[in-house]
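[1] Show me how the following folds:
(2 chains)
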Amino acid sequence: MKKRNWREPWLWAVTVFSLLLAVPVLLIFTSVLVPQYELWHHLFETVLSDYVYHSLLIAFSVGALTLILGTGLAWLVARYEFSGRRTLQWLILLPMAMPAYILAYTYTGMLDVAGPLQTQLRDTFNWTYHDYWFPDVRSLGGAIVMLSLVLYPYVYMLARTAFSEQSASFYEASRSMGVSGFAYFRKVAFPLARPAILTGTALAMMEAFADYGTVQYFGISTFTTGIFRTWNGLGNAIGAAQLAAVLTSFVLVLLLIEKHSRRRLRYFHQGQNQHSAKRLTLSPVQQLWTVLFCLLPVALGFIIPSVQLTFWAIERATSQVDEQFVNLIWNSFYLAASAAFIAVGLAILFAYAKRLRSHWLLNSQVQLASLGYAIPGTVIAIGAMLMLSAADDALNQLTEALFDTSVGLVFSGTLVALLLAYSVRFLAVALHNVEAGLQRIKPSMDDAARAMGLSPFAVLQKVHIPLLRASVLSALLLVFVDVLKELPATLILRPFNFNTLAVRTFELASEERLQDAAVPAVAIVLVGLLPVVLLTRALELSKNEAN
Amino acid sequence: MKRFFKLVALVSCVSVASFANAQELNVYSARKEALIKPLLDKFSASTGISVNLVTGNADALITRLKSEGKYSPADILITTDVGRLYRAKEQGLTQTIDTTSFNNLISQNYIDPQGHWIGFTLRARPLMVAPGRVDKTQLTRMEDLTDPQWRGRICVRSSSNIYNQSMVAAMIEQLGEDKTQTWLNDFVKNFARTPKGGDRDQIKAVVAGQCDIAIANTYYLAGMASDDDEAIRETASKVEVIWPNQQDRGAHVNISGAAIAKYAPNAASAQKLVNFMLQEDSQVWYAKTNHEYPLRQGVAQSAVLTSFGDFKSENIDLSRVGELNRQAVILMDKAGWK
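    Numbers count the residues shown, from 1 in each chain, chains lettered A, B, ... in the order given. Got it, this is the predicted structure:
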């Protein structure tokens, strides 16, 4: 093979893009250069322990819950045949279309002290508040449940793809050695799927770390609420950035642990016997339990809140749905689709670069660019804003020097700012998916294709992309839905006269007009459903093709 | 495909370049769209100036203003609290407003001494109690709230909220730091639950029986009392307003208002908007639709607000409330007000 200098042109693109994406994050870290002793002394004395304890507890609990739930569901759906499986396997994904804080608002509206359920209880039995016990939705436990219900699909999707792509030969070999059932799961299937499952869990945990809407509404002090509070209340933007830096460090550690555990796990499909194992049948009673188990998370995480939201929305539909509303839908869709394509395009570029030219500098560039996922949208938005204003400043100075006019703001305050922020924030999602898929393709395939004279790009096109289709589609879907639901960065960076459904929902809900907020909320969920359905179809098709 | 979208993105950003136009006004508003757009539409209709609106969190908008610097397209910043107006001025992001036409129509408390911000409407933050469970004679001042008899009976929203911060800042201005810290420490002990939810949630919690006293802004209760939904109206009718400190300093009040941006490309239009907001029919709209107290003298308040009773308001310079905001948060942190 020809010796290649790693400084090839397309690799420069990787460097440029990863730097661009890293700048907002780096700007946050430069804040530690300006020590805020007084602030940290104050934080340490008062709220810091709350921030640390709550953030860690929420993230790890959500990680554990999503791991168990996502893996369990994926295993059932990939392994066993039961009536309703075909529908259930994509129904399970539905909670992904539901923003976590919408779930929080809805359940609060239903189950809170002043809500219809408890009020009914009190009226029927003539109780006062102190006469009975009812679980408090707006609590730490409540937040963990809400987040887990919305985030388990990440684990489920990755685990399911991993399980269903496991070759039948593993199963046949294990059975011939007397290992089947749960032992098979424990000793063979789960370890094989572990990279994907851990990736999904890490993603869920990062989302949990970055959540703001839910914990803020529930009154829980975490790093994210602390960042807002330090920025707003204490007026200390640098201190807020430093808190963000600490939060990012937690996530870095998490990522390192996950990478370390995956270090030696690189599994590939065996050559010939690529078909997946046939699914096992279940007895009717077993089928019933399975169906119920699959339905429960969907019911809690999607069906019940959607029904409630729909009721509220129908009440207020006439006042809320107008031409402006259609505009909202179009804006949201267009923005999410653009961001998805950009993020996934970058992810393919980065993942491929890492695979072909793995080099510590390249890898760390890519790693740096992926950190954005851990950082709350607000903070990225500020970083992006600072970066783009500097760019605009420079641009204007240039045009003034050359042409004696100023062009005003070209980057900040436009869609470029939003798309940059989304790319920074959601690259990790796309990258994890694409990488997980790429890892399942053997390097010997690359070598074979290259030996046949295909250029690296053609290898990507003709060999990898068809095999990667499922992962790429997952990545597109995840980024699309994430951007659709995204709130803080959108709030801060959006241009004039540009609103999205998420912004409208948030504004109405924070005015405590939850019934009115239900209208755009339902729209978010509906618009977010489309990719879920499309993706599941596409996943089915590509699986059939592979077989 | 990716290239196509990148192109689209670039094109769309280039097309949104110029913002200085005699017939335009660019508004950064911390007031939610639903609460400000109707008035802005009326403004456009009567002056022919088209309005471009961005809403957001006040601090985010201020940071954006700051980083945009002299290329910022913003003409005017509208907020729901004086603290943020003060902060914008403190960071050098504002210019003077021509307030001469309003000097006799609005109390000087609600205009910045240097003319960098001006109030549009007023809101108060009284106590709201369940009349059957609270003896109103025992609760005439904010200081009474620290009494042990109210242990576990008070609901108030988080200290992260600007309205509470301003309330405490006003207290620091009038009582001093030490007294305010002592008050805060004992006040927090009487909470019925860790602060959660907004002002309306506190009112609803009182009605549900989780607590007996809430602190909330007047327009929330007034909004509930005139809501289309009968159940909400009923909830609102079950609490009563108590105006604290009527025998001494008066009840806490705050303003929503605006400041004109320092580098505003359409400063003249911004001034027109300020004048418009303080015109009689705009003030009447604010009063009737948002249930806020109009600042312009001679404009009647809504019937619902009148039903809460007349009250004596604090007589302090609101700039101080803005200045002391940071200090208020520090004291609240120390007292453990989450």
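[2] ranges for the strands of the stretch 101-250 of chain B?
    Along the stretch 101-250 of chain B, counting by DSSP state E, counting those that start in this stretch, strands occupy B:118-124, B:127-129, B:154-155, B:213-215, B:240-242.
[3] can you redo those strands as JSON lines with mean neighbour count and mean pLDDT?
    No exception for glycine: its C-beta is placed from N, CA and C like everyone else's. Below are the strands of the stretch 101-250 of chain B laid out as JSON lines (neighbours: other Cβ atoms under 10 Å in any protein chain shown; pLDDT from 0 to 100):
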{"stretch": "strand B:118-124", "mean neighbour count": "23", "mean pLDDT": "94"}
{"stretch": "strand B:127-129", "mean neighbour count": "24", "mean pLDDT": "96"}
{"stretch": "strand B:154-155", "mean neighbour count": "26", "mean pLDDT": "96"}
{"stretch": "strand B:213-215", "mean neighbour count": "25", "mean pLDDT": "96"}
{"stretch": "strand B:240-242", "mean neighbour count": "19", "mean pLDDT": "95"}
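[4] could I get the ones you listed as TSV with distance to chain A?
    Shown next, in TSV, are these (distance: least, Cβ to the nearest Cβ, whole Å):
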stretch	distance to chain A
strand B:118-124	14
strand B:127-129	14
strand B:154-155	10
strand B:213-215	11
strand B:240-242	17
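[5] quick one: low-confidence parts of chain B?
    Residue ranges of chain B with pLDDT under 70: B:1-22.
[6] how is it carved up into domains?
    Residue ranges for the domains of chain B, per automatic domain parsing: B:21-123+B:254-302, B:124-252+B:319-335.
[7] In a markdown table: those domains, plus distance to residue A:388.
    Below are the domains of chain B laid out as a markdown table (distance: least, Cβ to Cβ, whole Å):
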| stretch | distance to residue A:388 |
| --- | --- |
| domain B:21-123+B:254-302 | 9 |
| domain B:124-252+B:319-335 | 27 |
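[8] between these, which gets nearest to residue A:172?
    Closest approach to residue A:172 among those is made by domain B:124-252+B:319-335 (55.2 Å; Cβ to Cβ).
[9] Check the separation of the first and last residues in the closest one.
    End-to-end distance for domain B:124-252+B:319-335, by Cα to Cα, to the nearest Å: 24 Å.
[10] for stretch B:221-238, same thing?
    OK, stretch B:221-238 end separation, Cα to Cα: 11 Å.
[11] what comes into contact with it?
    A:114, A:515, B:128, B:130, B:200, B:203-204, B:206-207, B:239, B:241, B:290-291, B:302, B:304-305, B:307-308 (Cβ atoms under 8 Å, 6 or more residues apart in numbering or on different chains).
[12] List the buried residues for it?
    By 16 or more other Cβ atoms under 10 Å in any protein chain shown, the buried positions in stretch B:221-238 come out as B:221, B:222, B:223, B:224, B:225, B:226, B:227, B:232, B:235, B:236.
[13] how far is that stretch from where the chain is centred?
    21 Å (Cα atoms, centre = their mean, to the nearest Å).
[14] Hmm, residue B:153 is touching residue B:189, no?
    No. Residue B:153 lies out of contact with residue B:189 (Cβ atoms under 8 Å); the separation is 11.2 Å.
[15] Looking at those two, which has the bigger crowd around it?
    The residue with more neighbours, out of residue B:153 and residue B:189, is residue B:153; 19 against 15, by other Cβ atoms under 10 Å in any protein chain shown.
[16] so residue A:252 is in which element?
    helix A:237-262 (DSSP states H and E).
[17] Which strands border the helix or strand just after that helix, and is each parallel or antiparallel?
    Later in the chain than helix A:237-262, the nearest helix or strand by DSSP H and E is strand A:280-281. Within its sheet, and counting by DSSP bridges, strand A:280-281 is paired with strand A:80-81 (parallel).
[18] Can you name the residues in contact with the partner strand?
    Residues contacting strand A:80-81 (Cβ under 8 Å, 6+ apart): A:279, A:280, A:281, A:282, A:290.
[19] mind listing what the second one touches?
    With contact taken as Cβ under 8 Å, 6+ apart, residue A:280 is in contact with A:79, A:80, A:81.
[20] repeat that with 6 Å
    residue A:80 (Cβ atoms under 6 Å, 6 or more residues apart in numbering or on different chains).
[21] Let's see the pLDDT reported for it.
    Residue A:280 carries a pLDDT value of 82.
[22] Could you give the bridge partners of it?
    residue A:80.
[23] how close does the residue of the stretch 151-300 of chain A at minimum distance from chain B sit to residue B:156?
    Across the stretch 151-300 of chain A, the shortest distance to chain B (Cβ to the nearest Cβ) belongs to residue A:219, at 3.2 Å. According to Cβ to Cβ, to the nearest Å, residue A:219 and residue B:156 sit 11 Å apart.
[24] So the strand ranked longest in chain B, near chain A or not?
    What stands out as the longest strand in chain B, according to DSSP state E, is strand B:253-261. No. Strand B:253-261 does not reach chain A (Cβ under 6 Å from any Cβ of the partner chain); its nearest approach is 13.3 Å.
[25] Run a quick neighbour tally on the residue of the stretch 151-300 of chain A closest to chain B.
    21.
[26] and it, backbone torsions?
    phi 70, psi 30 (degrees, to the nearest 10).
[27] so what's residue B:170 up against?
    B:252, B:314, B:321 are the contacts of residue B:170 under Cβ under 6 Å, 6+ apart.
[28] Quick check: residues of the stretch 151-300 of chain A near chain B?
    Residues of the stretch 151-300 of chain A lying near chain B (Cβ under 6 Å from any Cβ): A:218, A:219, A:221, A:229, A:232, A:233, A:234, A:235.
[29] Enumerate every residue touching residue A:27.
    Here residue A:27 is in contact with A:383, A:386 (criterion: Cβ under 6 Å, 6+ apart).
[30] Go again with 8 Å.
    A:241, A:383, A:386, A:387.
[31] Give me the spatial nearest neighbour of the last one, chain neighbours excluded.
    Sequence neighbours aside, residue A:23 is the residue nearest to residue A:387 in space, at 5.0 Å (criterion: Cβ to Cβ, 6 or more residues apart in numbering or on different chains).
[32] wait, is the one you found part of a helix?
    Yes. Counting by DSSP: H, G, I helix; E, B strand; the rest coil, residue A:23 falls inside a helix.
[33] Go ahead and confirm it touches residue A:380.
    No. With contacts counted by Cβ under 8 Å, residue A:23 stays clear of residue A:380, the gap being 10.6 Å.
[34] When those two are compared, which one has more neighbours?
    Comparing residue A:23 with residue A:380 by neighbour count (other Cβ under 10 Å), the higher total belongs to residue A:380, at 31 against 21.
[35] In helices, which of the contacts of stretch B:221-238 appear?
    Among the contacts of stretch B:221-238, the members falling in helices (DSSP state H) are A:515, B:200, B:203, B:204, B:206, B:207, B:304, B:305, B:307.
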